[in-house]
Each structure stands twice: as C-alpha cells, then as structure tokens.
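> All I have is the shape, not the residue letters:
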C-alpha cells in the first residue's frame, strides 16, 4: 500500500482565512484572530496578550482582543491619547517597548499603568490596509525584551502575512456599516413619507403644508422628525385616528359638512 504524502501544515494566511469562514460575524473573527495571534507569538510556553487597534474617522478602538486584560491595556492608550499601538497605527511603523520599567516616550503614566497589569514588554505592528482605516497588532508579554531578535522578525512576518485577510475583513465591515446606515435612512424616509400622507389626508392640505406641519411639530417638541413621523404612523392604527400635528385653522375630515 503506497504511503500517503505527509500533510503540510497550514500557513498563517490559510489559518486566518479559515477563521473568516468559521466565524459567526466580524467581531467574532477579530477576537479569534487576536487569540490566534497571541498563541503564534507567545512561543516557548510563555503567555502573551494581543489586541487589535482600528483607527477610523479619527477614533481609536480595540476591535479584537485575546483576553479582557488585553483589551484593558489597549484602552489605557486611548484614555491617554498616546501609546505604542496608536503610534504604530497612525504612523504605520513598528513600535517596540523592550521594558516598561525603562520606558518614558509617552510619559510616566502610560508605562506605569500597563506595567501594573504585570506586563513588561510591548510590540505594536501596523497592518497594511491600503485605505482610510488604519490598524495595528499589539502584543504584550510579562517578560522584558520578549520581542527581541527572532521573535520580532516572526511577528513582522506574521503581520505581513495576515494583512490581506485583515484588509478584506475591515472592508467587509465598512460595507456592512454602509448597508446598515443606508437601510436605516431608507426606512426613515419611508416613515416620513407615510406620515406626510397621513397629515395631508387628515388636514386636506398640500404636501408642502404637511411637511411644514411635521417640521414645526418636530421643532416645538425638540424631537427628531423621523421620531415624530414614527409616532404618528404608529398612532394611526384604526379608522378615525387623527394626528395632533395639524395646520392651524385646518378642517379635519370628521369636521367637514
């Protein structure tokens, strides 16, 4: 019986692509990616934390984390508006902190706060997303100089390998956000159009007058127009229901001769 060829181990790219296919949603994928990255970078039986920072619309957020601790140490930087992962993402360059006990680039507050979590070294590497959004992979270890030499080279190769998968994932997320926003806009527009029709029918007025009535009601009550419209549409559930937002001096259908 012929021997089967040995099964080749999956590359990091293949494994990340499998994560995309197997994840329930974008958030699930990013958390799995952070855990996978932490495992890949730890080595030698050591533990490592990993967070993924995304910069979009001038806002920074950790969108994937290997553990709650990883998320917390990432967010220390956002509260201070500075730190290695923000620098790596904004400037698209590698940032290494060999030992937090000897670090002062971002002032004493950052190093002290992260070290209080029992961590000693940090490595942040930018993803190549080729778009408006920027992101960085943030690695933390309780061992000083953890990411020297070969470990840093391995992290660079790994980040470069998975950048394409991250680029695709972020694009999918952006498209999903755009689709959600468009759907919400269309739904709001539909509700407003229906409300305008109700006001026109009840007040026997023109479309322009109906729009003015709803707009005035929105302004007077300090309520968004779409919320006024939704309230009106919801209130008209049966025959004879009328709106409270009527043009002054108008005649309601039930008051006509």
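Cool, the structure landed. What you see is a predicted model; the values in this text were computed from it and never measured.

> only C-alpha atoms for contact and neighbour calcs from this point on.
Fine.

> Let me see the ranges of the helices in the stretch 51-200 of the chain.
Per DSSP state H, counting those that start in this stretch, the stretch 51-200 of the chain carries helices over the ranges 68-80, 84-91, 107-115, 149-203.

> Can you name every helix or strand that the first one contacts?
Using 3 or more CA pairs under 8 Å, 6 or more residues apart in numbering; DSSP states H and E, the elements in contact with helix 68-80 are strand 49-56, strand 59-65, helix 84-91, helix 107-115.

> Could you tell me the average pLDDT over it, please?
The average pLDDT for helix 68-80 rounds to 92.

> residues making contact with it?
Identification of contacts with helix 68-80 by CA atoms under 8 Å, 6 or more residues apart in numbering yields 49-51, 53, 60-62, 64-65, 83-86, 110, 113-114, 117, 138, 140.

> One more pass at 10 Å, please.
With CA atoms under 10 Å, 6 or more residues apart in numbering as the test, helix 68-80 has contacts from 34, 38, 48-53, 59-65, 81-87, 106-107, 109-111, 113-117, 119, 138-140.

> Report how many residues lie close to the nearest residue to residue 211 once chain neighbours are set aside.
Distances taken as CA to CA, 6 or more residues apart in numbering put residue 196 closest to residue 211, at 6.2 Å, once the chain neighbours are dropped. Counted with other CA atoms under 10 Å, residues neighbouring residue 196 total 23.

> For residue 224, which non-adjacent residue is spatially closest?
residue 218 (5.9 Å).

> for the strand or helix carrying that neighbour, packing partners?
In the assignment (DSSP states H and E), residue 218 maps to helix 207-221. Applying 3 or more CA pairs under 10 Å, 6 or more residues apart in numbering; DSSP states H and E, one finds that helix 207-221 contacts helix 149-203, helix 225-235.

> that older thread, pick the most buried one from the helices of the stretch 51-200 of the chain.
Highest mean neighbour count among the helices of the stretch 51-200 of the chain (mean count of other CA atoms under 10 Å): helix 84-91, with a mean of 23.

> Need the mean per-residue confidence for that one.
94.

> same deal with stretch 228-241?
69.

> which regions of this protein lie under the pLDDT threshold?
1-17, 19-26, 43-47, 132, 169, 171-187, 237-257 (pLDDT under 70).

> Could you chop it up by domain?
Listed by automatic domain parsing, the domain ranges of the chain are 12-175, 185-248.
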